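In: Got a sequence here, can you build the structure:
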Amino acid sequence: MIAIIQALIVAAPLLAAEHPKNDYRKPEAWLCRPGRAGDACASSKQDSTTVSAIGTLKVEEWKTNPNPPVDCFYVYPTVSNDATANSDMIANADELRVVEHQFARFASVCRVYAPLYRQVTLTALRGLMTGKPMPDADFALPYKDVSDAWNSYLEHDNQGRGVVLIGHSQGSIVLTQLILNELDKNEAKRALLISAFLLGTNLPVPQGKDAGGAFANVPLCRADGQTGCVVSFSSFRASEPPPANSLFGKVPGGMIAACVNPAALGGGAAPLRAYLSTGGRILSPEVSPHPWVAPAPKPPVSTPFVTVPGLLTGECVKDERGSYLSIRVNADPADPRTDDITGDLVSAGVRLTNWGLHQIDMHLVMGDVLDLVAKQSKAWLAGRPKAR
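Out: All right, here's what the predicted structure looks like:
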């Protein structure tokens, strides 16, 4: 199904309908922009509690960077529950929540830009998956909006600064098209690209190569100091690898789905610096998070996020099941900390293993991505004239 959606978005410009063009000079067209009090990023709460293996708790206070040297441009995943096939340009709780969970934390390393866009809604995707497609669904509109936002950002805001592109799911599909159309064959624009994080998508690459699939000139990232490169993966539990009907980890045409572990760019297993939702608010409503410590601590965990050092290990795996980020939970029944995490998609009480840990792709590696962005930004700045 994800492959179908991706193909529809790629082919959609050939069948594009006419829609009023958004004006991205207007502040209301953005979820996040630098220097705005009260926008989706500035008002987000990002403090976290570190839960050690022995059950001790320590609060990690989060702070923005008042003068970051680079920018981050984010396109959010499919979250809109609007009744229409394409969402409107009004931010509701769904868009605000996903920004809180996936992007606001990046304000510690970059100036943050997140445009609203008229994405294909969950309503339309449910119709597509049940054989009842909505005839007015416009799969070209998400890319048209994001492209307009990107070009407005370049004209009015960028001023030669390096930029990190960040997307998940539908957001990654749209950013893949943006990179292909706007950057891949344009050396001047490509020179602004610090890196791209295209998570929760099936990015094609030839077997054994880092470029030549989705992009000719934007390779996969393989070293900390490398810039102008891409990190992409879809995550699955090590205990539940992609099933035959998996939506992720496979691409047609003799290529493989890219898998780059931001915690170990060169390959192999590595501990993950996850930032997980304390209350599971981004997860399926049928699922409640496991208690972080048993017995429950007093006072209880009160921050919106939790880190669990040593609990999770990630490794890119390529086998007959696909190419994916395998997540191992290092359970220890003898310690008081939780022995599992929540992140699976559940419907009617049934866990949908063909989605893997799609909902928390970003959560699983958030700390590692932030560390990597800081290293890549430093390398990019070292090779450029001082950014304004």
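
In: Would you tell me which helix is longest in the chain?
Out: Assignment by DSSP state H gives helix 361-382 as the longest helix of the chain.

In: Run through the neighbouring helices and strands of that helix.
Out: Judged by 3 or more Cβ pairs under 8 Å, 6 or more residues apart in numbering; DSSP states H and E, helix 361-382 is in contact with helix 93-102, strand 163-168, strand 193-199, strand 229-233, strand 312-319. To be clear about C-beta, it is placed using only N, CA and C from the backbone, and glycine gets the same treatment.

In: For beta bridges, what are the partners of the most centrally placed residue in the chain?
Out: By Cα atoms, centre = their mean, the mean C-alpha position of the chain lies nearest to residue 168, the distance being 3.4 Å. Per DSSP bridges, the residues bridged to residue 168 are residue 199.

In: Tell me where the stretch 101-250 of the chain has strands.
Out: Under the criterion DSSP state E, counting those that start in this stretch, the stretch 101-250 of the chain contains strands at 111-115, 163-168, 193-199, 204-205, 229-233, 235-237.

In: so which of those comes closest to residue 348?
Out: Minimum separation from residue 348 across these (Cβ to Cβ) falls at strand 235-237, 20.4 Å.

In: Each with direction, which strands does the closest one pair with?
Out: Counting by DSSP bridges, strand 235-237 is paired with strand 322-329 (parallel).

In: between the strand it pairs with and helix 361-382, how many degrees?
Out: If you take axes from the mean of the first three to the mean of the last three Cα atoms, to 10 degrees, strand 322-329 sits at 110 degrees to helix 361-382.

In: Return the angle between stretch directions for strand 322-329 and strand 229-233.
Out: On the basis of the same axes, to 10 degrees, strand 322-329 is oriented at 70 degrees to strand 229-233.

In: Lowest-scoring secondary structure element of the chain by mean pLDDT?
Out: helix 2-11 (a mean of 56; mean pLDDT, DSSP states H and E).

In: follow-up on the earlier one: buried sites along the longest helix of the chain?
Out: Applying a neighbour-count criterion of 16 or more other Cβ atoms under 10 Å, one finds 361-377, 379-381 buried in helix 361-382.

In: Can you check what angle separates it from helix 93-102?
Out: Using the same axes, to 10 degrees, the direction of helix 361-382 lies 60 degrees away from that of helix 93-102.

In: so where is the chain shaky, pLDDT-wise?
Out: Applying pLDDT under 70 to the chain flags residues 1-17, 283-286, 385-388.

In: ok, back up a step: how close does the residue nearest to the centre of the chain get to residue 223?
Out: Look at residue 168 and residue 223: by Cβ to Cβ, to the nearest Å, they are 24 Å apart.

In: what's residue 335 in contact with, if anything?
Out: When contacts are counted by Cβ atoms under 8 Å, 6 or more residues apart in numbering, residue 335 is found next to 53, 54, 55.

In: Put the alpha carbons of the longest helix of the chain into PDB.
Out: Extracted in PDB, the C-alpha atoms of helix 361-382 (Å, rounded to 0.1, in the frame of the first residue of the first chain):
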ATOM      1  CA  ASP A 361      10.600   5.500  13.600                       C
ATOM      2  CA  MET A 362      11.700   9.000  14.600                       C
ATOM      3  CA  HIS A 363      11.400   8.400  18.400                       C
ATOM      4  CA  LEU A 364      13.700   5.400  18.300                       C
ATOM      5  CA  VAL A 365      16.600   7.400  17.000                       C
ATOM      6  CA  MET A 366      15.900  11.000  17.900                       C
ATOM      7  CA  GLY A 367      19.000  11.500  20.100                       C
ATOM      8  CA  ASP A 368      21.200   9.900  17.500                       C
ATOM      9  CA  VAL A 369      19.800  12.000  14.700                       C
ATOM     10  CA  LEU A 370      20.300  15.200  16.700                       C
ATOM     11  CA  ASP A 371      23.900  14.200  17.400                       C
ATOM     12  CA  LEU A 372      24.500  13.400  13.700                       C
ATOM     13  CA  VAL A 373      22.900  16.700  12.600                       C
ATOM     14  CA  ALA A 374      25.300  18.600  14.900                       C
ATOM     15  CA  LYS A 375      28.300  16.700  13.500                       C
ATOM     16  CA  GLN A 376      27.200  17.200   9.900                       C
ATOM     17  CA  SER A 377      26.500  20.900  10.400                       C
ATOM     18  CA  LYS A 378      29.900  21.400  11.800                       C
ATOM     19  CA  ALA A 379      31.500  19.700   8.800                       C
ATOM     20  CA  TRP A 380      29.300  21.600   6.400                       C
ATOM     21  CA  LEU A 381      30.200  25.000   8.000                       C
ATOM     22  CA  ALA A 382      33.900  24.100   8.000                       C
END
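
In: orientation of it relative to strand 312-319 in degrees?
Out: Orientation note: helix 361-382 sits at an angle of 90 degrees relative to strand 312-319 (the same axes, to 10 degrees).

In: can you map out the helices along the stretch 1-150 of the chain?
Out: Ranges of helices within the stretch 1-150 of the chain are 2-11, 93-102, 122-129, 141-153, based on DSSP state H, counting those that start in this stretch.

In: hmm, who's touching the second one?
Out: Counting by Cβ under 8 Å, 6+ apart, helix 93-102 makes contact with 31-32, 40-41, 44-46, 74, 76-77, 79-81, 114, 116, 166, 168, 277, 281-282, 304, 362-363, all of which sit outside it.

In: Going through those, which ones are buried?
Out: By neighbour count, with 16+ other Cβ under 10 Å, these hold 31-32, 40-41, 44, 46, 74, 76-77, 79-80, 114, 116, 166, 168, 277, 282, 304, 362-363 as buried.

In: For the helices of the stretch 1-150 of the chain, could you give me JSON lines that also reports mean neighbour count and distance to residue 65?
Out: Output for those, formatted as JSON lines (neighbours: other Cβ atoms under 10 Å; distance: least, Cβ to Cβ, whole Å):
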{"stretch": "helix 2-11", "mean neighbour count": "17", "distance to residue 65": "33"}
{"stretch": "helix 93-102", "mean neighbour count": "20", "distance to residue 65": "17"}
{"stretch": "helix 122-129", "mean neighbour count": "18", "distance to residue 65": "33"}
{"stretch": "helix 141-153", "mean neighbour count": "21", "distance to residue 65": "19"}
